[in-house]
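> sequence plus predicted model, see below.
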Amino acid sequence: MKITVKQLKEMMYWIVLGRKIEEKITLLFKEGRLRGHHHPGIGVEGIHVGCCFGLGAEDYVVPSHRGKLPELMMGVDLKYLMAGYYNRREGLGGGRVPTGSHMYGDMSKHVIPGTGIIGSLIPVAMGAGLGIKVKKAKGVVVAFFGDGAANRGDFHEALNMAAAFRLPVLFVLQNNRYSISVSVEKATGMEHLSVRAAGYGIPGKTVEGCEVLEVYEEATRAIKRAREGKGPTLLECMWHRWTGHSISDADIYRTDKERREGEAKCPVLAFKAKLISEGALTEDEFSEMEKRADDVIEAAVVYSEKECTDPDPSDILRGVYARG
Amino acid sequence: MREITYVEAINEALIEEMDRDDGVFIFGEDIVVGYGGGGMFGATRGLADRFGPDRVLDTPLSEVAISGAALGAALVGLRPIAEIMFGDFLTITMDQIVNNVAKMRWVLNDEVDVPIVYRTSYGAGIGAGFHHSQSFEAWFAHVPGLKVVMPSDPADAKGLLKASIRDNDPVIFMEHKLLYKRLSGPVPEEEYLIPLGKGEIKRAGEDVTIIATGAMVRLSLEAAEVLGKKGVSAEVIDPRTIQPLDEELILGSVKKTGRAVIVHEAPVFGGFGGEIAAMLADKGIDYLDGPVKRVGALFTPIPNWNRMEKYYLPDIEKIVNAVAEVIRFEGR
Ligand SMILES: Cc1ncc(C[n+]2csc(CCOP(=O)(O)OP(=O)(O)O)c2C)c(N)n1
Ligand SMILES: [Mg+2]
């Protein structure tokens, strides 16, 4: 697969940005500057960059509760997203919705809202694929969800129908081996879930989520296949949840050994080391990326805290039904 | 009497009933070691250690499987308790609960018991947003065959949960998440049960009856204090179970006061308050000296920003204003 040095650097920047956003938001929650739900996405960055890097404006994503990169890579402005987190009028959701974790989207950027009812948007992603097919449009849909979500009936019904109708959908199963405290092994008796694809007669593959280029290669293959009308793919990407499930989870069920092994597979460090060893990136360039990401995030925080305004509580009355 | 929290009362009820009857077992998501042990709110703390992995099970993230499994287990002679982590996820279980669970006794010609308790945490007030805050009690109360229990304080939570576990019909047991750790109260140490279908007068009064459930009971008690200062004596009634509903208690109170205000957390339209108002119109019209008013949430999804959530939910002022619309008093 051909990929330019410039593109590699872009990918690196997204990964750095994704990591820094998660770290910053976690900090803002700990400091009490943000409230509500927060499910840190530290560690998931490589999956998102690998899956979204090749997407265009005709494509759609359905994010999960982990990580913000799919929506940002589709063009959602970080300021807008952050202001939503702060429940500001100018932000995504207009201050009303649990931005960042549960259900928020922006159809102008082809970001279909994820959901707090874990797994319920998998059929919706499939339906978007159906719509694209019926409209004879070009796009593909990339749906992100976890190993826990894959145990909902919704997953099975959606994959079957997507397979039967040959819909242009890439199902990205982000397997971090846990659904809160319940391990994949306990919940399914298996280690990997990509084998389920065989049950629907579609391709299924497992990759290491921290190997960004591997994810990119498999995602690109699946997306190409989908664009050609050959139907969906189930791509299982392994990753490690660096934190408790959410900021309120004491995380007593995982061992330190598990944590150490998981954190050894860091998408940021792995990709950085690879690019540097191949001469595609210098330490200085990496530091610049970090600074650039810090600046963008800081600007979004300042914008949200200082420049945005509180909505009027009565704004919740708007948009329950269509006007007129 | 010793005081314990709402969630501790629930935990005690579970332990006592599992001690008492080997047929009682419990399963759900993350109830064993999740969130520092004992699930998101600690209701199942210590159960796994005490009763072992055969009677305390973590399930996959599979609400359809959980809700259906409870029925299957009940049909082979057990008394399952199924935990649905958030009341909002009951939507996923509707097929099993409404189409299968509720009808099974009737389908089997009244020859079997269907002793299931679906425990869930419901309700708003902690900024959890529309997917973790909804109150669906009216939907379930509308289904023949189901019972719906909504304790408002620790003592009721314990007595009602024990009775629900021993009940031979399926029960939707709705635990208000705002109360879990925030509300403590006296709970007897000796064994007691609170029968389903028996409400309680939580505060006696003469001028107006306020009928409330769940977290709205405490709010109504606070509103009653405010009203007291204005010279209005409010009686607060908690039906405790809305299916079956203690009509007698409500009618008796309204007969005395002549006025009724109903407070629940779900949106007013289609809420169970309409059922009580209709019951009063039907059986209590001669007692009423004014209109029946309902106080509930606005007809919108539940916002997660705390100021919006406050605006959305009933509050003391809304209750006091509703009372003012059914009874004239000074200082209004
Ligand atoms: C239908 C439903 N059931 C349960 C939950 C509670 N819950 C939220 S996230 C989660 C675990 C999800 O695990 P997974 O899909 O593997 O994603 P991860 O959090 O590991 O990224 C659970 C059980 C929920 N939000 N929705
Ligand atoms: Mg997981």
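Great, that's in hand. Everything numeric here is computed off the predicted structure, so don't read it as measured data. Numbers count the residues shown, from 1 in each chain, chains lettered A, B, ... in the order given. Ligands and ions are numbered 1, 2, ... in the order given.
> report how many residues lie close to residue 51.
By default, I'm working from chain A. For A:C51, the neighbour count with other CB atoms under 10 Å in any protein chain shown is 30. Where you see a C-beta, it was placed from the backbone N, CA and C, and this is true even at glycine.
> that's the wrong chain, I meant chain B
For B:F51, using other CB under 10 Å, the count is 18.
> list the contacts of it.
When contacts are counted by CB atoms under 8 Å, 6 or more residues apart in numbering or on different chains, B:F51 is found next to B:18, B:25.
> please report phi then psi for it.
For B:F51, the backbone dihedrals (degrees, to the nearest 10) come out as phi -110, psi -10.
> any idea how far it is from B:I84?
For B:F51, the distance to B:I84 equals 20 Å [CB to CB, to the nearest Å].
> need the contact list for B:G125.
Residues touching B:G125, when contacts are defined by CB under 8 Å, 6+ apart, comprise B:133, B:177-178, B:215, B:309, B:313.
> who wins for neighbours among the residues you listed?
Across these, neighbour numbers were computed from other CB under 10 Å; B:S133 holds the maximum, 29 neighbours.
> quick one: it and B:D88 touch, right?
Yes. Contact criterion CB atoms under 8 Å: B:S133 and B:D88 qualify, at 7.2 Å.
> ok, which of the contacts of B:G125 also contact chain A?
The overlap between the contacts of B:G125 and the neighbours of chain A (CB under 8 Å from any CB of the partner chain) is empty.
> from the residues you listed, which is closest to ligand 1?
The shortest separation between ligand 1 and any of these is 12.3 Å, and it belongs to B:S133 (by CB to the nearest ligand atom).
> on that earlier part again, which member of the contacts of B:G125 is positioned nearest B:E29?
B:K177 (15.2 Å; CB to CB).
> so what's that closest one up against?
Taking CB under 8 Å, 6+ apart as the criterion, B:K177 is in contact with B:41, B:121-123, B:125-126, B:128.
> so which residues on chain A come close to ligand 1?
Chain A has residues A:66, A:116-119, A:145-149, A:174, A:176, A:178-180, A:241, A:245 near ligand 1, with proximity defined as CB under 6 Å from any ligand atom.
> now with 8 Å?
A:39, A:44, A:64-66, A:102, A:115-120, A:145-150, A:152, A:174-176, A:178-180, A:182, A:184, A:241, A:245-246 (CB under 8 Å from any ligand atom).
> within reach of ligand 2, which of these are there?
A:146-147, A:176, A:178 (CB under 5 Å from the ion).
> low-confidence stretches in the stretch 51-200 of chain B?
Counting by pLDDT under 70, not a single residue of the stretch 51-200 of chain B qualifies.
> could you pull out the helices for it?
Using DSSP state H, counting those that start in this stretch, the helices assigned to the stretch 51-200 of chain B run over residues B:63-75, B:90-94, B:104-107, B:137-141, B:154-166.
> which of the residues in the first one are buried?
Neighbour counts over helix B:63-75 (16 or more other CB atoms under 10 Å in any protein chain shown) mark B:63, B:65-71, B:73-74 as buried.
> which of the residues you listed sits closest to ligand 2?
The shortest approach to ligand 2 among those belongs to B:E63, at 16.4 Å (CB to the ion).
> right, is stretch B:179-198 up against chain A?
No. Shown here: stretch B:179-198 not in contact with chain A (CB under 8 Å from any CB), separated by at least 12.2 Å.
> any buried residues in that stretch, and which?
Of the residues in stretch B:179-198, those scored as buried under the neighbour-count criterion (16+ other CB under 10 Å) are B:179-180, B:183-185, B:187, B:193-194, B:196-197.
> repeat for stretch A:259-276
Residues of stretch A:259-276 classed as buried by neighbour count (16+ other CB under 10 Å): A:262, A:265-268, A:270-272, A:274-275.
> thank you, goodbye.
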